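K.L.:
Provided below are the primary sequence and the corresponding predicted coordinates.
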Amino acid sequence: SLAKREAANRQNTNGNTSSLPPVTVNIKLGSEKIGLLEDAEIKQLLQDRFGITVTYKKEGSIDMVRNDTSGLDALFPSSQVAAQMFTKPLRTRDTIVNSPIVFYATTEVAEALQKHGIAKLEGETYTIPDTMKLLELIIQRKTWGSLGLTNLNGRVTIYSTNPAQSNSGVMLAGLFANLLNKNEVVTRQTVNGVLPKLKAFFAEQGYKSGNSDEIFNNFLSVGDQPLIAGYESQLIEVSLTQPQNGAYLRKNVRTLYPKPTTWTQHPLLVLTPNGER
């Protein structure tokens, strides 16, 4: 919102109409950024000051850097990992925004984790001081019932996107891999020691979404995944864009900050002059 206000001030100073010829910029992006480009002020600003209309297609960060980029002006994945996997020539690469990985839980799950010493309420913020303790519940195949949540079926797990397709799944895999490696960064030499447990974790989730927006919306609306991995920005965005749901979110949704955590960067990979503009 600060960036939008500053841009609006510049717009008021410099005039409202772009002298640049209009162009359409075609991009692929991670689903969590759709709200940004659908924002009415942002769309108007791009058109009035820069003569740009953006068309987009959502795709998982890993998929978009692997697939055909014909006809695209830029890619907007959700991690530097994806950016490093992209081997085609770039005009520029800029990190636009950053967001930490968090866990979203229903209120009853957050309170149960707090009761069992997994989560901690610090002021108004839930943290997980030792994320390995949560991971051990999953490895030990503990049930939700063992935490007193008899209304929830199945075993304790953190649902995520598919790490073969989407960045939030990749970031969770990296976080857990390092935890399983005794808090040491996993290397090619040590990765085989953690892979069996890591593969089992993802396999037991069953179906995994290919994008972060889908799993987050499912968490909010369906309720069959009471603990998920996502981006901190997602709840902030829905709180701002859906104020009519504010009371529901405050009552039913809790954000848990794992320690250690991992930050994800959202780089814009520019392929053409239009994308550069």
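P.N.:
Structure's in. What do you need?
K.L.:
what about the strands in this structure?
P.N.:
Using DSSP state E, the strands found in the chain span residues 23-29, 52-58, 74-76, 92-106, 120-122, 125-128, 227-231, 253-258, 263-270.
K.L.:
Redo those strands as TSV? Include distance to Glu136, mean pLDDT and mean neighbour count.
P.N.:
Any C-beta I mention is one placed from the backbone N, CA and C, and that applies to glycine too. Conversion of those to TSV gives the following (distance: least, C-beta to C-beta, whole Å; pLDDT from 0 to 100; neighbours: other C-beta atoms under 10 Å):
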stretch	distance to Glu136	mean pLDDT	mean neighbour count
strand 23-29	36	95	19
strand 52-58	35	94	16
strand 74-76	36	94	25
strand 92-106	15	89	17
strand 120-122	16	92	13
strand 125-128	12	95	18
strand 227-231	15	93	25
strand 253-258	14	96	21
strand 263-270	24	88	21
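K.L.:
any chance of the ones you listed in TSV, plus distance to Gln114?
P.N.:
Below are the strands of the chain laid out as TSV (distance: least, C-beta to C-beta, whole Å):
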stretch	distance to Gln114
strand 23-29	36
strand 52-58	35
strand 74-76	36
strand 92-106	10
strand 120-122	6
strand 125-128	7
strand 227-231	13
strand 253-258	9
strand 263-270	25
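K.L.:
what's the closest of those strands to Val185?
P.N.:
Smallest distance to Val185 across these (C-beta to C-beta): 14.8 Å, for strand 263-270.
K.L.:
Would you mind getting the angle between the closest one and strand 92-106?
P.N.:
Inter-element angle recorded for strand 263-270 and strand 92-106: 140 degrees (by axes from the mean of the first three to the mean of the last three C-alpha atoms, to 10 degrees).
K.L.:
I'd like to know which elements strand 263-270 is packed against.
P.N.:
Contact here means 3 or more C-beta pairs under 8 Å, 6 or more residues apart in numbering; DSSP states H and E; on that basis strand 263-270 packs against strand 74-76, helix 80-85, strand 92-106, helix 167-180.
K.L.:
ok, 7 Å please
P.N.:
Applying 3 or more C-beta pairs under 7 Å, 6 or more residues apart in numbering; DSSP states H and E, one finds that strand 263-270 contacts strand 74-76, helix 80-85, strand 92-106.
K.L.:
now those in a markdown table, with distance to Lys142?
P.N.:
Below are these laid out as a markdown table (distance: least, C-beta to C-beta, whole Å):
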| stretch | distance to Lys142 |
| --- | --- |
| strand 74-76 | 38 |
| helix 80-85 | 30 |
| strand 92-106 | 15 |
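K.L.:
right, and the ones you listed - which one's nearest Gly30?
P.N.:
Of all the helices and strands packed on strand 263-270, strand 74-76 comes closest under C-beta to C-beta, at 6.5 Å.
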